[in-house]
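[1] Build me a model from this:
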Amino acid sequence: MESAEWSERLPDEPVVRVGTIEELELIKDLWLEHYRTQKLNISLPPDAFEQWLGTMKPAYGRFTINFVATAGGRIVGFLSGRVRTMPSYFGGGVCGYLTEICVETEYRRHGLARKLLLASFDWYQSQGIRRVESSVMLDNLASQKMAMSVGLNPEQYLLIWTPDSAEPRREP
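    Now for the predicted structure:
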């Protein structure tokens, strides 16, 4: 959307930029909200965010990255990503992986997630990375549509097995 449309609907026009390592700790509430609203078949441990932070900080700026959207002096959205090594049987090399993207409710549907994605693609390209992967919940059709509108294309479904979700096995 154009800037004029943003200012008509939002209190402050968000700015998207690479976040600082210090700002990682400021996204805790958004990060936790993101995982509270996901329909994952796992439960996060009480210190999940601190564990996540411990994986992000040591490699920040090289193998992990965080983009923030700020408005009114606070973070209203973020996108986190990683650089992963691809198996040699897939040609080796590295690819980007988008691990989380979250925007506060009042700032949704204003193109902010799109801006975060595009900023991440620019960063990955600047690192020489030519493939970026992400996963989106199956029932989140709006996110799927938005992701495809910026060039992310479906390639496979992630299927999960757990003992609780499985039907009894039948022997062959």
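
[2] Nearest residue to residue 48 in space, ignoring adjacent ones along the chain?
    Take residue 48 and drop its neighbours on the chain: the residue closest to it by Cβ to Cβ, 6 or more residues apart in numbering is residue 35, 7.2 Å away. The way it works is simple: take the backbone N, C-alpha and C, and place the C-beta from them, glycine included.

[3] Let me know how buried residue 55 is, in neighbour terms.
    Residue 55: 12 surrounding residues under other Cβ atoms under 10 Å.

[4] Wait, a helix at it?
    Yes: counting by DSSP: H, G, I helix; E, B strand; the rest coil, residue 55 falls inside a helix.

[5] residues in contact with the closest residue to it other than its chain neighbours?
    The shortest distance from residue 55 to any non-neighbouring residue, by Cβ to Cβ, 6+ apart, is to residue 64 (7.3 Å). Contact analysis of residue 64 by Cβ atoms under 8 Å, 6 or more residues apart in numbering lists 55-57, 80-83.

[6] Of those residues, keep whichever come out buried.
    Burial by neighbour count, 16 or more other Cβ atoms under 10 Å: within the contacts of residue 64 this picks out 56, 80-83.

[7] just the CA coordinates of stretch 72-91, formatted as CSV?
    C-alpha atoms of stretch 72-91 as CSV (Å, rounded to 0.1, in the frame of the first residue of the first chain):
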residue,chain,number,x,y,z
GLY,A,72,5.8,4.8,17.5
GLY,A,73,9.1,3.9,19.0
ARG,A,74,8.3,0.2,19.4
ILE,A,75,8.6,-3.1,17.5
VAL,A,76,5.2,-4.0,15.9
GLY,A,77,6.5,-6.9,13.8
PHE,A,78,9.5,-9.1,13.1
LEU,A,79,10.9,-11.7,10.8
SER,A,80,13.6,-14.1,11.8
GLY,A,81,15.7,-16.1,9.5
ARG,A,82,18.7,-18.5,9.4
VAL,A,83,21.2,-19.7,6.9
ARG,A,84,21.3,-23.5,6.6
THR,A,85,23.6,-25.9,4.8
MET,A,86,21.9,-28.0,2.1
PRO,A,87,22.9,-31.7,1.9
SER,A,88,25.5,-32.5,-0.7
TYR,A,89,22.9,-34.7,-2.6
PHE,A,90,21.0,-31.5,-3.1
GLY,A,91,24.0,-29.7,-4.5
